[in-house]
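# what's the 3D shape of this:
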Amino acid sequence: MKRRGKITLYILFAILMVALVVAANVVRSNSTLKGVATKIDYRDADTLLQACELDTLVYTKMPQLTRQKIKEVDLKAVRQLVDSNPYVADSRVTISVDGTLQVTARQRVAVMHLFMENGDLYFDNTGCVMPSRGDLIADVPVVNGDLKTIPAGNALQWNLKRLADNEKTRKCGLAMAWRLSCFLHDNERYGSLFDQIYIEHDNNLVAVPKVGSFVVEVGDADNLERKFGNLDAMVNQGLPLTGWERYSRISIKYVNQIVCTKKLINK
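As a prediction, this is how the structure comes out:
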(Lines give C-alpha, C1' and ligand atoms only; values in the text may rest on other atoms or scores of the structure.)
Protein backbone atom coordinates (compact mmCIF):
# COMPACT_ATOMS: atom_id res chain seq x y z
CA MET A 1 0.00 0.00 0.00
CA LYS A 2 2.81 2.37 0.81
CA ARG A 3 4.40 1.88 -2.62
CA ARG A 4 1.05 2.37 -4.36
CA GLY A 5 0.42 5.42 -2.23
CA LYS A 6 3.73 6.98 -3.28
CA ILE A 7 3.04 6.30 -6.96
CA THR A 8 -0.37 7.90 -6.59
CA LEU A 9 1.18 10.96 -4.95
CA TYR A 10 3.77 11.24 -7.74
CA ILE A 11 1.04 11.07 -10.37
CA LEU A 12 -1.05 13.67 -8.59
CA PHE A 13 2.02 15.93 -8.21
CA ALA A 14 2.83 15.60 -11.93
CA ILE A 15 -0.77 16.42 -12.85
CA LEU A 16 -0.69 19.43 -10.54
CA MET A 17 2.55 20.72 -12.09
CA VAL A 18 1.16 20.35 -15.60
CA ALA A 19 -1.99 22.17 -14.55
CA LEU A 20 0.07 25.00 -13.04
CA VAL A 21 2.18 25.33 -16.20
CA VAL A 22 -0.94 25.39 -18.39
CA ALA A 23 -2.57 27.95 -16.12
CA ALA A 24 0.56 30.12 -16.15
CA ASN A 25 0.71 29.99 -19.93
CA VAL A 26 -2.95 30.91 -20.18
CA VAL A 27 -2.44 33.87 -17.85
CA ARG A 28 0.72 34.94 -19.74
CA SER A 29 -0.88 34.62 -23.19
CA ASN A 30 -3.77 36.80 -22.06
CA SER A 31 -1.54 39.50 -20.58
CA THR A 32 -0.62 42.64 -22.53
CA LEU A 33 2.72 42.88 -24.31
CA LYS A 34 5.10 44.97 -22.20
CA GLY A 35 7.20 46.49 -24.95
CA VAL A 36 10.02 45.91 -27.45
CA ALA A 37 13.69 45.19 -26.71
CA THR A 38 16.11 45.06 -29.65
CA LYS A 39 19.66 43.74 -29.93
CA ILE A 40 21.84 43.94 -33.04
CA ASP A 41 24.61 41.54 -33.97
CA TYR A 42 27.10 43.65 -35.94
CA ARG A 43 29.36 40.70 -36.76
CA ASP A 44 32.45 42.88 -36.15
CA ALA A 45 31.35 45.27 -38.92
CA ASP A 46 31.03 49.05 -38.65
CA THR A 47 27.73 50.31 -37.28
CA LEU A 48 25.18 51.29 -39.93
CA LEU A 49 22.07 50.59 -37.86
CA GLN A 50 21.07 51.37 -34.30
CA ALA A 51 18.71 49.36 -32.14
CA CYS A 52 16.48 52.36 -31.45
CA GLU A 53 15.78 52.63 -35.20
CA LEU A 54 14.28 49.13 -35.26
CA ASP A 55 12.29 49.88 -32.11
CA THR A 56 10.89 52.98 -33.81
CA LEU A 57 10.12 51.01 -36.97
CA VAL A 58 8.13 48.41 -35.04
CA TYR A 59 6.26 50.94 -32.91
CA THR A 60 5.45 53.11 -35.93
CA LYS A 61 4.29 50.36 -38.28
CA MET A 62 2.59 48.28 -35.56
CA PRO A 63 1.24 50.76 -32.98
CA GLN A 64 -1.29 48.16 -31.82
CA LEU A 65 1.44 45.99 -30.29
CA THR A 66 1.45 47.78 -26.95
CA ARG A 67 -2.30 47.16 -26.65
CA GLN A 68 -2.27 43.56 -27.84
CA LYS A 69 -2.39 40.44 -25.75
CA ILE A 70 0.65 38.21 -26.13
CA LYS A 71 -1.40 35.51 -27.85
CA GLU A 72 -2.47 38.04 -30.50
CA VAL A 73 1.05 39.12 -31.49
CA ASP A 74 2.03 37.99 -35.00
CA LEU A 75 5.71 37.19 -34.59
CA LYS A 76 6.12 36.36 -38.27
CA ALA A 77 4.76 39.77 -39.29
CA VAL A 78 7.12 41.51 -36.87
CA ARG A 79 10.09 39.57 -38.24
CA GLN A 80 9.13 40.41 -41.83
CA LEU A 81 8.91 44.09 -40.88
CA VAL A 82 12.34 44.04 -39.23
CA ASP A 83 13.84 42.17 -42.19
CA SER A 84 12.50 44.85 -44.54
CA ASN A 85 15.07 47.28 -43.14
CA PRO A 86 17.84 47.50 -45.79
CA TYR A 87 20.59 47.15 -43.18
CA VAL A 88 19.19 43.92 -41.67
CA ALA A 89 20.41 40.58 -43.00
CA ASP A 90 17.97 38.50 -40.95
CA SER A 91 16.30 38.55 -37.55
CA ARG A 92 14.75 36.44 -34.81
CA VAL A 93 11.67 37.56 -32.88
CA THR A 94 10.49 35.97 -29.63
CA ILE A 95 8.51 36.92 -26.54
CA SER A 96 10.31 36.63 -23.21
CA VAL A 97 8.88 35.14 -20.04
CA ASP A 98 8.11 38.62 -18.69
CA GLY A 99 6.10 39.50 -21.83
CA THR A 100 8.63 41.63 -23.73
CA LEU A 101 8.96 41.34 -27.50
CA GLN A 102 12.63 40.54 -28.10
CA VAL A 103 14.10 41.34 -31.51
CA THR A 104 17.58 40.08 -32.38
CA ALA A 105 18.78 41.35 -35.77
CA ARG A 106 21.98 40.69 -37.71
CA GLN A 107 23.31 43.71 -39.55
CA ARG A 108 24.52 43.33 -43.11
CA VAL A 109 28.31 43.47 -43.46
CA ALA A 110 29.30 46.33 -45.75
CA VAL A 111 32.36 45.63 -47.95
CA MET A 112 32.17 48.36 -50.60
CA HIS A 113 31.13 52.03 -50.82
CA LEU A 114 30.21 52.98 -54.38
CA PHE A 115 30.20 56.62 -55.49
CA MET A 116 28.31 57.61 -58.64
CA GLU A 117 27.31 60.90 -60.22
CA ASN A 118 23.87 60.81 -58.63
CA GLY A 119 24.80 59.51 -55.20
CA ASP A 120 26.49 56.75 -53.26
CA LEU A 121 25.58 53.27 -52.02
CA TYR A 122 27.00 50.50 -49.87
CA PHE A 123 27.13 46.85 -50.90
CA ASP A 124 27.40 43.97 -48.45
CA ASN A 125 29.25 40.67 -48.69
CA THR A 126 26.28 39.02 -50.39
CA GLY A 127 26.12 41.65 -53.12
CA CYS A 128 23.01 43.36 -51.76
CA VAL A 129 22.75 47.15 -51.80
CA MET A 130 22.35 49.37 -48.76
CA PRO A 131 21.64 53.11 -48.84
CA SER A 132 24.32 55.40 -47.46
CA ARG A 133 23.67 57.66 -44.49
CA GLY A 134 25.38 60.81 -43.33
CA ASP A 135 25.52 60.06 -39.62
CA LEU A 136 27.08 56.57 -39.76
CA ILE A 137 29.93 55.56 -42.06
CA ALA A 138 31.47 52.14 -42.76
CA ASP A 139 35.25 52.00 -43.17
CA VAL A 140 35.29 50.02 -46.43
CA PRO A 141 36.94 50.61 -49.82
CA VAL A 142 35.49 53.52 -51.79
CA VAL A 143 34.81 52.57 -55.41
CA ASN A 144 34.54 55.01 -58.31
CA GLY A 145 35.88 55.58 -61.81
CA ASP A 146 34.65 54.45 -65.22
CA LEU A 147 31.08 53.30 -64.59
CA LYS A 148 29.86 53.10 -68.16
CA THR A 149 28.65 49.54 -67.65
CA ILE A 150 26.15 49.49 -64.80
CA PRO A 151 23.21 47.17 -64.07
CA ALA A 152 19.81 48.08 -65.47
CA GLY A 153 16.93 49.16 -63.26
CA ASN A 154 16.69 50.82 -59.86
CA ALA A 155 20.08 50.99 -58.14
CA LEU A 156 18.50 50.01 -54.80
CA GLN A 157 17.63 46.65 -56.36
CA TRP A 158 21.06 45.83 -57.75
CA ASN A 159 22.77 42.64 -56.65
CA LEU A 160 26.46 42.52 -57.53
CA LYS A 161 26.81 38.85 -56.61
CA ARG A 162 24.38 37.95 -59.38
CA LEU A 163 26.50 40.01 -61.77
CA ALA A 164 29.68 38.31 -60.57
CA ASP A 165 28.13 34.84 -60.92
CA ASN A 166 26.89 35.48 -64.45
CA GLU A 167 29.41 34.56 -67.14
CA LYS A 168 28.25 37.45 -69.34
CA THR A 169 28.58 40.15 -66.68
CA ARG A 170 31.30 38.86 -64.31
CA LYS A 171 33.93 41.00 -66.06
CA CYS A 172 32.04 44.28 -65.74
CA GLY A 173 33.74 46.86 -63.54
CA LEU A 174 31.22 46.88 -60.70
CA ALA A 175 31.13 43.09 -60.39
CA MET A 176 34.92 42.87 -60.29
CA ALA A 177 35.23 45.80 -57.86
CA TRP A 178 32.80 43.99 -55.54
CA ARG A 179 34.80 40.76 -55.79
CA LEU A 180 37.99 42.65 -54.96
CA SER A 181 36.25 44.40 -52.05
CA CYS A 182 35.12 41.03 -50.66
CA PHE A 183 38.66 39.70 -50.97
CA LEU A 184 40.09 42.68 -49.09
CA HIS A 185 37.42 42.31 -46.41
CA ASP A 186 38.14 38.60 -45.95
CA ASN A 187 41.91 39.13 -45.94
CA GLU A 188 42.49 41.81 -43.34
CA ARG A 189 46.24 41.76 -43.95
CA TYR A 190 45.66 43.23 -47.41
CA GLY A 191 42.42 45.02 -46.65
CA SER A 192 44.08 47.21 -44.04
CA LEU A 193 46.41 48.61 -46.72
CA PHE A 194 43.84 49.92 -49.21
CA ASP A 195 40.90 52.30 -48.91
CA GLN A 196 39.96 52.95 -52.55
CA ILE A 197 39.34 50.96 -55.73
CA TYR A 198 39.33 52.80 -59.03
CA ILE A 199 37.78 51.30 -62.17
CA GLU A 200 39.82 52.38 -65.18
CA HIS A 201 38.89 52.00 -68.83
CA ASP A 202 38.33 48.41 -70.02
CA ASN A 203 37.32 47.57 -66.42
CA ASN A 204 40.92 47.54 -65.22
CA LEU A 205 40.97 47.68 -61.40
CA VAL A 206 43.43 49.85 -59.49
CA ALA A 207 43.75 49.71 -55.69
CA VAL A 208 44.78 52.91 -53.93
CA PRO A 209 46.63 52.44 -50.61
CA LYS A 210 45.84 54.40 -47.45
CA VAL A 211 49.44 55.60 -47.24
CA GLY A 212 51.76 56.52 -50.10
CA SER A 213 51.62 58.24 -53.47
CA PHE A 214 51.42 55.12 -55.65
CA VAL A 215 48.71 52.76 -56.88
CA VAL A 216 48.53 49.00 -57.31
CA GLU A 217 47.16 47.81 -60.64
CA VAL A 218 45.15 44.63 -60.05
CA GLY A 219 43.66 44.15 -63.51
CA ASP A 220 40.63 41.88 -63.30
CA ALA A 221 39.30 40.21 -60.15
CA ASP A 222 40.56 36.72 -61.00
CA ASN A 223 43.39 34.94 -59.14
CA LEU A 224 43.43 37.52 -56.33
CA GLU A 225 45.18 35.16 -53.91
CA ARG A 226 48.06 34.74 -56.32
CA LYS A 227 48.25 38.41 -57.24
CA PHE A 228 48.33 39.68 -53.68
CA GLY A 229 50.63 36.84 -52.69
CA ASN A 230 53.09 38.16 -55.25
CA LEU A 231 52.64 41.66 -53.86
CA ASP A 232 53.24 40.33 -50.36
CA ALA A 233 56.47 38.68 -51.49
CA MET A 234 57.63 41.91 -53.08
CA VAL A 235 56.82 43.90 -49.95
CA ASN A 236 58.82 41.51 -47.76
CA GLN A 237 61.76 40.96 -50.09
CA GLY A 238 62.25 43.87 -52.45
CA LEU A 239 60.62 46.98 -51.06
CA PRO A 240 62.58 47.16 -47.79
CA LEU A 241 65.61 47.91 -49.99
CA THR A 242 63.97 50.27 -52.48
CA GLY A 243 60.89 51.69 -50.74
CA TRP A 244 57.39 52.49 -52.01
CA GLU A 245 58.27 56.11 -52.73
CA ARG A 246 60.29 55.20 -55.82
CA TYR A 247 57.24 53.98 -57.73
CA SER A 248 54.07 55.56 -59.03
CA ARG A 249 52.41 52.32 -60.13
CA ILE A 250 52.91 48.69 -59.18
CA SER A 251 51.16 46.17 -61.41
CA ILE A 252 50.29 42.71 -60.10
CA LYS A 253 47.96 41.83 -62.98
CA TYR A 254 50.48 39.66 -64.84
CA VAL A 255 51.27 36.01 -64.16
CA ASN A 256 54.47 35.39 -62.17
CA GLN A 257 55.76 38.93 -62.42
CA ILE A 258 55.29 42.37 -60.94
CA VAL A 259 55.82 45.42 -63.12
CA CYS A 260 56.82 48.61 -61.35
CA THR A 261 56.70 52.08 -62.89
CA LYS A 262 59.19 54.52 -61.41
CA LYS A 263 58.14 58.03 -60.62
CA LEU A 264 59.28 60.75 -62.96
CA ILE A 265 61.80 62.99 -61.26
CA ASN A 266 61.70 66.63 -62.26
CA LYS A 267 65.19 67.99 -62.64
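# any weak-confidence spans in the stretch 151-267 of the chain?
152, 238-244, 265-267 (pLDDT under 70).
# can you give me the helices in it?
160-165, 173-186, 188-191, 224-237, 239-242 (DSSP state H, counting those that start in this stretch).
# Glu225 and Ile258, how far apart?
15 Å (Cβ to Cβ, to the nearest Å). C-beta: built from backbone N, CA, C; applies to glycine.
# hang on, I meant Asp90
For Asp90 relative to Ile258 (Cβ to Cβ), the value is 42 Å.
# which of these two has more neighbours?
Ile258 (17 against 12; other Cβ atoms under 10 Å).
# give me the contacts around stretch 214-232.
Under the criterion Cβ atoms under 8 Å, 6 or more residues apart in numbering, residues 164, 171, 175-177, 179-180, 183, 187, 189-190, 194, 198, 203-209, 244-245, 247-258, 263 lie in contact with stretch 214-232.
# can you rerun that using 7 Å?
Here stretch 214-232 makes contact (Cβ atoms under 7 Å, 6 or more residues apart in numbering) with 171, 176, 179-180, 183, 190, 204-209, 244, 247-253, 258.
# thinking again about what came up before, could you say which of the helices of the stretch 151-267 of the chain is packed most deeply?
Comparing the helices of the stretch 151-267 of the chain by mean neighbour count (mean count of other Cβ atoms under 10 Å), helix 173-186 ranks first with a mean of 23.
# and Val109, how many neighbours?
Using other Cβ under 10 Å, the number of residues around Val109 comes to 21.
# and the pLDDT for the residue nearest to it when sequence neighbours are not counted?
Leaving aside its chain neighbours, Val109 sits nearest to Ala45 (4.4 Å; criterion: Cβ to Cβ, 6 or more residues apart in numbering). Listed pLDDT for Ala45 reads 92.
# what about Ala45, which SS state?
At Ala45, secondary structure determined by DSSP: H, G, I helix; E, B strand; the rest coil is coil.
# please verify my assumption that it contacts Gln107.
Yes: using Cβ atoms under 7 Å, Ala45 is in contact with Gln107, at 6.3 Å.
# roughly how far does the most centrally placed residue in the chain sit from Leu180?
Residue closest to the mean C-alpha point of the chain, counted by Cα atoms, centre = their mean, is Val109 at 1.4 Å. Distance, Val109 to Leu180, by Cβ to Cβ: 16 Å.
# per-domain residue ranges of this protein.
35-107, 110-262 (automatic domain parsing).
# excluding residues flanking it in the chain, which one is nearest Tyr190?
Tyr190's closest residue in space is Phe228 (Cβ to Cβ, 6+ apart), at 5.1 Å.
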